[in-house]
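Enquirer: Give the three-dimensional model of this entry:
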Amino acid sequence: MKNLSLGALLFVVLFLGTHFSEARLQVCNPSGKIIGKKPPPGQCNQENQSDCCKQGKSYTTYKCSPPVSGSTKAVLTINSFEKGGDGGAPSECDNKYHSDDTPVVALSTGWYSGGSRCLKNIKKSANGRTVTAMVVDECDSTMGCDDDHDYQPPCDNNIVDASKAVWKALGVSGNVGELDITWSDA
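Expert: All right, here's what the predicted structure looks like:
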């Protein structure tokens, strides 16, 4: 009986140790920091309440995002993918600009996964609604505060940056700035 109890205890310890080790591997820790630079005059487009980098402020960077599941928690932000919009350059996936009336998104660096989700649809849910949108860009979590990033800080590691069409389909005004959502691959 002692051997059985000892064996069961050993099994539980090994199972829990393996389980928690695996869970720790899925945590997305910061990968570094960058120091903000003051944007040159007129160089940070604040069209959709975008933040501009502050001189000397420290910004956290990430090379990863939380693991994707059937219902991944994220923060929805608003972005213009149009030429002259606060998104800056053409979209990374197709080197094109996209109308604000088209449901498109940019994903944080880890979820963007080197472009593996480019031009694929994802589903976002909030406010009792679900909408499908195409991934066209990366919301860079590794860099920012420079001309390439319109002098905006790096994205957090849990961002789905969406066009006005996505916000409208969810029945929410983009004026709220951020919205807690869930998302999954379509």
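
Enquirer: so what's the residue nearest the centre of the chain bridging to?
Expert: Using CA atoms, centre = their mean, the residue of the chain that lies closest to the mean C-alpha position is Ile159, 2.4 Å off. Beta-bridge partners of Ile159, counted by DSSP bridges, are Val75.

Enquirer: same deal with Thr182?
Expert: For Thr182, the beta-bridge partners are Lys73, Ser125 (DSSP bridges).

Enquirer: ok, it - contacts?
Expert: Under the criterion of CB atoms under 8 Å, 6 or more residues apart in numbering, the contact partners of Thr182 comprise Ser71, Thr72, Lys73, Ala74, Lys124, Ser125, Ala126. Just so you know, the C-beta spots here come from the backbone N, C-alpha and C atoms, and that holds for glycine as well.

Enquirer: Of the residues you listed, grab the buried ones for PyMOL.
Expert: When burial is assessed using 16 or more other CB atoms under 10 Å, the buried subset of these is captured in PyMOL by this command:
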select buried, resi 72+74+124+126
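
Enquirer: Closest one of the contacts of Thr182 to Tyr62?
Expert: Of all those, Ala74 has the smallest distance to Tyr62: 13.4 Å, by CB to CB.
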